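K.L.:
next input, structure requested:
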Amino acid sequence: MSQVPSSRREFLKRSAVAAGAVATLHSGLAPRVHAAGSDLIKIALIGCGGRGTGAANDCLNAAKILNQPMKLIAVADAFEDRTRGSLGHLQKAWPEQVDVPPERVFAGLDAYQKALECGADMVVMGSPPGFRPEQYAAAIKAGKHVFMEKPCCTDAPGYRQLVEANKMADEKGLKVVVGLQRHHQAGYMQGIQEIHEGKLGDVELLRVYWNGSGGGARDLGPRPLDDPKEMEFQIRNWGCFLWLYGDNIVEQHVHNIDIGNWVMCKDGDVQKAHPVEANGMGGRGNRGNYGDIFDHHFVEFTYADGTKMYSQSRHQPGTWDAVSEFVHGSKGSRGVATGGGPNLESGNPYVQEHVDLIKAITSGDKLNEGWFGAISSMTAVMGRMATYSGLVVKWDDAIAKGPQESPERIAWDAAPRHVPGPDGFYPFPIPGQYKP
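P.N.:
Predicted structure coming up:
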């Protein structure tokens, strides 16, 4: 297992490529990714919503910073209108870098498979999180480098699929970056290094927050029973549904939970830098039909050495806003990020993560953040299992026995697991009744 560098200079040098590189388990030369001796990197966009389009824009911006030839050659989404909207935006912003003829614009639930067959070297994934494990696994099997947004899974079966795909990515020497952009933000890189060097002494307690008074799921209003387009409705409104969104503790709070895991990754072994159990509480205070998810969570995570991490995530109007992470140590306490850090090519961490990915692709340096993505996503899933059930949930049990939240069959004519009841509202978990 790779170890965290002992010197600050070495740490910052490697972290500028990506902090997640410490997770790589297998060495080996990366395959040549450019076509027929060309320096051009061809990319495909899978998931053409706002975040996917933004990630593709960041990727092309990173290539410009590095003076790296790059072209977007295909776009794919479940919905044709989203492919058209995204493509139009990107063509206007990058007229010389977008080369997507009509035959490489794909729509439908199998669109991602078609995009993977277009000869791209790398894929940018921005689909709803519930689709991510399957799409990531397919991309790695096809030999593609990957940027995928967080979270990387919404349930335990998805996590297990990620683990197998990460192993394959290591074996193939493929480069993977996850949209946990704090790993590419100078202040966090510096702050984590100082904590690992012992500036705060022994870590005794972590506090992490994603509390918002706005945003989150929207009120869907009463829904008709037996709507033949229920699957389409849920995918269109994925931020309201557990199997696609994971709840806000998974989709958003994963950023802060990931920082806690990064702090606890003291020896470079990412696969051990996770809590071993969680207990918590949560529920719904918002009135209305917000799908089948909660709007607030509190979790007490416990790591193997007994260190606690207190976690809050919430979306409720008129409440305290906080998106932050704090460490309490035997020598002092502070926020994780500092005001300093290494000089990076980009001052924007959303762009820098693509800079680091492109550099790894062109240099052949090891880089697989899929491990951080999988571990931190599953940590959040375990926390949600605890808040939904009101029980103490163990890591090993969560991985082995956690329920599948996605439908058995994903097709336009298939029924999701949760559909509206007689009152037009979706059922949601009740602590004491939900079984994790």
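K.L.:
isn't residue 60 right up against residue 96?
P.N.:
No - here residue 60 does not reach residue 96: they are 9.9 Å apart, not a contact under CB atoms under 8 Å. Using the backbone N, CA and C atoms, a C-beta is placed for each residue, glycine as well.
K.L.:
more neighbours: which of those two?
P.N.:
Neighbours were counted for residue 60 and for residue 96 using other CB atoms under 10 Å; residue 60 has more, 23 against 7.
K.L.:
who's in contact with the more buried one?
P.N.:
The contact partners of residue 60, by CB atoms under 8 Å, 6 or more residues apart in numbering, come to 70, 72, 90, 93, 94, 97.
K.L.:
what residue ranges in the stretch 101-250 of the chain score low on pLDDT?
P.N.:
Across the stretch 101-250 of the chain, nothing is flagged by pLDDT under 70.
K.L.:
helices of that one, start to end?
P.N.:
Along the stretch 101-250 of the chain, the segments classed as helices by DSSP state H, counting those that start in this stretch run 111-115, 132-141, 156-172, 186-196, 230-236, 242-245, 248-251.
K.L.:
so what does the nearest residue to residue 387 once chain neighbours are set aside have for phi and psi?
P.N.:
In space, and not counting its chain neighbours, residue 387 is closest to residue 282: 3.4 Å by CB to CB, 6 or more residues apart in numbering. Backbone geometry at residue 282, expressed as degrees, to the nearest 10, gives phi -170, psi -180.
K.L.:
so residue 282 is in contact with residue 293, correct?
P.N.:
No - with contacts counted by CB under 8 Å, residue 282 stays clear of residue 293, the gap being 9.8 Å.
K.L.:
which residues do these two both contact?
P.N.:
Counting by CB under 8 Å, 6+ apart, residue 282 and residue 293 have no common neighbour.
K.L.:
domain-wise, how is the protein divided?
P.N.:
Here the domain parsing of the chain from automatic domain parsing is 8-183+345-369, 194-342+376-401.
K.L.:
dump those domains into CSV; add distance to residue 419 as well.
P.N.:
Shown next, in CSV, are these (distance: least, CB to CB, whole Å):
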stretch, distance to residue 419
domain 8-183+345-369, 16
domain 194-342+376-401, 6
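K.L.:
strands of this protein, residue ranges please.
P.N.:
Using DSSP state E, the strands of the chain run over 41-46, 70-77, 105-107, 122-125, 145-148, 176-178, 203-212, 275-283, 296-303, 308-315, 322-329, 332-335, 393-394.
K.L.:
dump the ones you listed to CSV, plus mean neighbour count and distance to residue 353.
P.N.:
Converted to CSV, the strands of the chain look like this (neighbours: other CB atoms under 10 Å; distance: least, CB to CB, whole Å):
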stretch, mean neighbour count, distance to residue 353
strand 41-46, 26, 14
strand 70-77, 25, 15
strand 105-107, 21, 25
strand 122-125, 26, 11
strand 145-148, 26, 7
strand 176-178, 32, 5
strand 203-212, 20, 19
strand 275-283, 20, 25
strand 296-303, 22, 25
strand 308-315, 23, 23
strand 322-329, 18, 18
strand 332-335, 13, 21
strand 393-394, 21, 31
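K.L.:
turn these into TSV, including distance to residue 372.
P.N.:
Listed next are the strands of the chain as TSV, based on distance: least, CB to CB, whole Å:
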stretch	distance to residue 372
strand 41-46	21
strand 70-77	25
strand 105-107	30
strand 122-125	16
strand 145-148	12
strand 176-178	6
strand 203-212	15
strand 275-283	15
strand 296-303	16
strand 308-315	16
strand 322-329	15
strand 332-335	20
strand 393-394	21
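K.L.:
residue 368: which of those is closest?
P.N.:
Nearest to residue 368 among the strands of the chain is strand 176-178; the distance by CB to CB comes to 4.8 Å.
K.L.:
return the distance of that closest one from the chain's centre.
P.N.:
Centroid displacement of strand 176-178 relative to its chain, using CA atoms, centre = their mean, to the nearest Å, is 9 Å.
K.L.:
please renumber the chain so that the first residue is 49 from this point on.
P.N.:
Sure, I'll start counting at 49 from here, so that last one is strand 224-226.
K.L.:
give me the most central residue, this protein.
P.N.:
With distances taken as CA atoms, centre = their mean, the residue of the chain nearest its centroid is residue 198 (1.2 Å).
K.L.:
and residue 467, how far is that from residue 402?
P.N.:
Between residue 467 and residue 402 the computed distance is 39 Å (CB to CB, to the nearest Å).
K.L.:
how about the contacts made by the nearest residue to residue 456 once chain neighbours are set aside?
P.N.:
Using CB to CB, 6+ apart and skipping the chain neighbours, the partner closest in space to residue 456 is residue 462 (8.0 Å). Contact analysis of residue 462 by CB under 8 Å, 6+ apart lists 279, 455, 456.
K.L.:
could you check the pLDDT of residue 462?
P.N.:
pLDDT recorded at residue 462 is 96.
K.L.:
surely residue 389 touches residue 237?
P.N.:
Yes - contact criterion CB under 8 Å: residue 389 and residue 237 qualify, at 5.4 Å.
K.L.:
between these two, which has more neighbouring residues?
P.N.:
Counted by other CB under 10 Å, residue 389 and residue 237 do not tie: residue 237 has more neighbours, with 27 against 19.
K.L.:
state the distance from the more buried one to residue 382.
P.N.:
16 Å.
K.L.:
so for stretch 473-480, mean pLDDT?
P.N.:
Computed over stretch 473-480, the mean pLDDT rounds to 96.
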